[in-house]
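>>> please find the sequence and the predicted model below.
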Protein chains: 2
Amino acid sequence: MTVSRDKSAREKITIKRVAREAAVSTQTVSRVLNDRPDVAPETRQRVQEVMERLNYQPNAIARSLVSSRTRTLGLLTADFSDYFFTQVIAGAEVEARKHDYFFMLGSTERNPQDEPEYLRLLTERHVEGILFARPSTEPDNRHLSKLLGDGVPVVTTAYYLPDETLTVVDVDNVDGGQQATRCLLEYGHQRVAMITGPTGWRSVKDRAKGYGRALEEAGLAVDPGLIVEGDWSYESGYQAMLALLARRVAFTALFAQNDRMAIGAIRALSEAGRRVPQDVSVAGYDDIPVAGYCTPPLTTIRQPMQELGALATRLLIQAIEKPGSIRGEVLLKGELVRRDSCTVVDAAE
Amino acid sequence: MTVSRDKSAREKITIKRVAREAAVSTQTVSRVLNDRPDVAPETRQRVQEVMERLNYQPNAIARSLVSSRTRTLGLLTADFSDYFFTQVIAGAEVEARKHDYFFMLGSTERNPQDEPEYLRLLTERHVEGILFARPSTEPDNRHLSKLLGDGVPVVTTAYYLPDETLTVVDVDNVDGGQQATRCLLEYGHQRVAMITGPTGWRSVKDRAKGYGRALEEAGLAVDPGLIVEGDWSYESGYQAMLALLARRVAFTALFAQNDRMAIGAIRALSEAGRRVPQDVSVAGYDDIPVAGYCTPPLTTIRQPMQELGALATRLLIQAIEKPGSIRGEVLLKGELVRRDSCTVVDAAE
DNA sequence: GTGAAAGCGCTAACAT
DNA sequence: ATGTTAGCGCTTTCAC
C-alpha cells in the first residue's frame, strides 16, 4: 500500500528519529540542538543536515518538563477597549519577543472575580512571571498576595496594592495633572473645572493632586463645585458636563482626566451653545489617536504607553532571570501636547 | 539553621508526594485528578484532602507531554492600534476561556517578515490551532500554506489567501459599503465621493464594490475623479480630503471606508470652511467608540467585531476537537447607525 | 567527543 | 478498586 509519502510514514519526528538517521545517540543530537561545544564538527554537520531534511522541530513541552523553564509569561488584563492598556500590551509583547518569551493572554473582561482562577490556570501552565496590565480597583487582592508569597515574579502597570511592595511601572500622574492644569492657568483661566475618573483609581487621585498643586501655585483654591466624576467613557464625560452646566457655576476652562471624557464634554458644551475654545478651554489626558483630529483638536497629556509595557516586561524578565534584583516603583513622565482646544481666556468674560 | 517553613522544606508538590501522603499509588491520585469513576469514595476523599492540604497544583506541562494536548491556541496579529482587530481579540479571548483554552500572543507589529518565525515558535510550543487576526496584505504566504499542509487548524478573520481554502470569518463588506452609500443616496445626494483604504486589502475592494452597487441601483455611474485612497489613519483621511478639494470637483457627500478617515476628512472640510453635514454629508465605517461623540456624531456601519472573534475561536476549537468538520467562509452583516453627519442634500446647492 | 542510564511529572495499558 | 510497568521527548549525569 503506497500512500503519498508525506502522509504515510507518519512517525513523529523526534530527537530519537534524528539520532537514528544520523547514526548517533540522542544525546549527541541534544548537544547539537543546544549548541554545546563538545561535538565533533563533522558530527554536528551531519546531525544538522538530518534535522534539516526531516524538518525536525524540537518539542518545547518536553524541554520545559525537564528544564522547568517555559519562557512563557502571563498577561492579565481587564478590558481590551481601554486604549491605555492595549498600548501597554503592544509594547509588552514586542519586548517579550526580543527576549524570546511569549505571553499567555488572560483578559478578565468584566469578570474580575475570575482573576484567581486565571492565576491558578496560568501557574499550572508554569508561566515564569505575570504582568498585570489592568487598573487596581478590586478590593480583594488575596490571590495576588498569595502569588507574591509563592515567589512568582510579578510586575504591574498602574496597579497598586495597599499593603504589598510591588514592582510597579506607571506614569507620573501627579506631574501630568499639574502640567495640564498649569497650561490652562497660563492662558489666564481662573475658574478651571475638572472631570475626574471613577473614585478608587490611584491615577484619579494623583491627577487630582496635580490639579490641586497647579491651582495652589497660582494662588487659587480648589472649588469642589467645579469637580464632577465620570467613568472614563465618552458618555460619562458628556453627562458630567451636563451636570456641571446644570449647576450654573462659572468656569472658563476644563481639565478632563482623559481624552474620551474631554471629547464627550466638548460634545455637551457644543450642544449647549458654548464654543470650544472661545468660551471654554479644554485639556484632556492620554493623547489617544483621535485627539489630533476631533473638533477642535485636543490639548492633552501624551503618555508613553508602549514604553510602559516594554519597561514592565523588561523588569519582569529581569526578575525571572536574576531573582531579587528589582523592587519598587518606576514613574515615567507624560508630555503636554498643545493643540487648539485651549486658548487665552476671553477678556470680555 | 531554622528558616521560615514555607521556604525550607521546598520539596516540590507532585503527584508522587500526594500519593505518598495519602498512602496510595500515583495512579490513584491521577484517577482522582481526572475524575475517573473507578475510585472508592473514601479513597477519593482522602486524596482530595491531601491535595487541598498541600495546595497541590497539577503540572500542565507534564500532562501535555503525555496527552499531546496543550489547550493552547496561537493568536497572530499585526497591530494593536487597530481597533477592529483589538476587538476581535477581545471577543476571541473570552470565547477561548469558555472552552478552557488559552491564547499565546504573537504580534508582528510592523515586522511582517517575522511571521514565519512566530509560527515556528508557536508550533514548537504545540499550540493546537492558530487564529490569524490580521489583514491579508503580505504577498508571501508560503509559511501559512505550509501550516495548512502540516494539518494545523487555522482560522482567520478578514484574512484571505489567493489559492488556499481557508476558514475565514469576516464581515460582509460589500453589503456594508452598499448600506452606507445607499443611505447617502437616499438623502438625495448625487455626487458621492469615496475615500478608500489602501489597495490590496480585500475589504477595500469589497466596500468599493458595495459603493458601486448602490450607485448603480440609483442609476448613477462611478466617477473615478471622486475616489481617493487613504491608509485608514486619521491623517490619511485628512490628506485625502485635501487632495479631493484640490481637484475642485463637485460633491455633496462622502463615504469614508473607515471612521478614522471620515473624522480626518471632516477636519479638513471644517478647515476649508465646508460644514458637515450642511455642505457635505459624511458616512464612515466601523462605529469606533468616538464616532458617537465627535463633532458631528458620525453616521457609520457598525461591525460585530467581538462576535467575529468569538465565532472564529469557536470554529477553531471545533476544527481541533472534530478534525475535518468545518471549512469555508462565514460572513456577518454590519448595521447602519444613523447619526448627525448625514442629512438631505441642500436644495440650494 | 560520544553513549547509556535515569528521570522530569504525569497517564495509558495492563495487571491483580 | 488499586497498583505496576512503561513511556511521552527531552536533558542531566556519569561513564568510557
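Here it is on my side, so go on. Numbering: from 1, shown residues only, chains lettered A, B, ... in the order given.
>>> so which residues on chain A come close to DNA strand D?
With C-beta under 7 Å from any atom of the strand as the criterion, chain A meets DNA strand D at residues A:12, A:14-16, A:26-27, A:30, A:33-34, A:58-59, A:62-63, A:65-67. No exception for glycine: its C-beta is placed from N, CA and C like everyone else's.
>>> for the residue of the stretch 101-250 of chain A found nearest DNA strand D, give me its contacts.
Using C-beta to the nearest atom of the strand, the closest approach of the stretch 101-250 of chain A to DNA strand D is made by A:H126 at 13.6 Å. With contacts defined as C-beta atoms under 8 Å, 6 or more residues apart in numbering or on different chains, the neighbours of A:H126 are A:64, A:68, A:70, A:72, B:59-61.
>>> which of those fall within helices?
Per DSSP state H, helices hold the following members of the contacts of A:H126: A:64, B:60-61.
>>> pipe those into a markdown table and attach distance to A:P297 and pLDDT per row.
A markdown table is the format used below for the ones in helices among the contacts of A:H126 (distance: C-beta to C-beta, whole Å; pLDDT from 0 to 100):
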| residue | distance to A:P297 | pLDDT |
| --- | --- | --- |
| A:S64 | 50 | 97 |
| B:A60 | 50 | 97 |
| B:I61 | 51 | 97 |
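>>> list the contacts of the nearest residue to A:E235 once chain neighbours are set aside.
Spatially, and ignoring its direct neighbours in sequence, A:E235 is nearest to A:G264 (6.1 Å; C-beta to C-beta, 6 or more residues apart in numbering or on different chains). Residues counted as contacts of A:G264 (C-beta under 8 Å, 6+ apart) are A:230, A:233-241, B:293.
>>> now swap in A:H143 and tell me
Taking C-beta under 8 Å, 6+ apart as the criterion, A:H143 is in contact with A:115-116, A:119.
>>> surely it is in a helix?
Yes - A:H143 forms part of a helix when assessed by DSSP: H, G, I helix; E, B strand; the rest coil.
>>> on the pLDDT front, check it for me.
In this model, A:H143 is scored at 86, pLDDT.
>>> with A:E21 instead?
Looking at A:E21, its pLDDT reads 94.
>>> which of the helices or strands spans the residue most central in space within chain A?
Centroid-nearest residue in chain A: A:V88, 2.9 Å away (criterion: C-alpha atoms, centre = their mean). A:V88 is part of helix A:83-98, with elements assigned from DSSP states H and E.
>>> ok, which stretches of chain A are helices?
Taking DSSP H to define them, one finds helices in chain A at A:5-8, A:15-22, A:26-33, A:41-54, A:60-67, A:83-98, A:115-124, A:142-149, A:173-186, A:202-217, A:234-247, A:259-271, A:305-321.
>>> just the ones you listed: most buried one?
helix A:259-271 (a mean of 26; mean count of other C-beta atoms under 10 Å in any protein chain shown).
>>> so what touches stretch A:227-235?
Residues from elsewhere that reach stretch A:227-235 (C-beta under 8 Å, 6+ apart): A:82, A:193-199, A:208, A:236-237, A:239-241, A:243-244, A:256-258, A:260-261, A:263-264, A:267, B:289-290, B:292-293.
>>> spell out which parts of the stretch 51-200 of chain A neighbour DNA strand C.
A:62, A:65-66, A:68.
>>> among those residues, show me the least confident.
Out of these, that is A:S68, at 92.
>>> quick one: low-confidence ranges for the stretch 201-349 of chain A?
A:347-349 (pLDDT under 70).
>>> I'd like to know how far the closest residue to DNA strand D within it sits from A:D114.
Nearest residue of the stretch 201-349 of chain A to DNA strand D, counting by C-beta to the nearest atom of the strand: A:E321, 15.3 Å away. To A:D114, A:E321 is 30 Å away according to C-beta to C-beta, to the nearest Å.
>>> ok, now A:R44?
Using C-beta to C-beta, we find A:R44 at a distance of 49 Å from A:D114.
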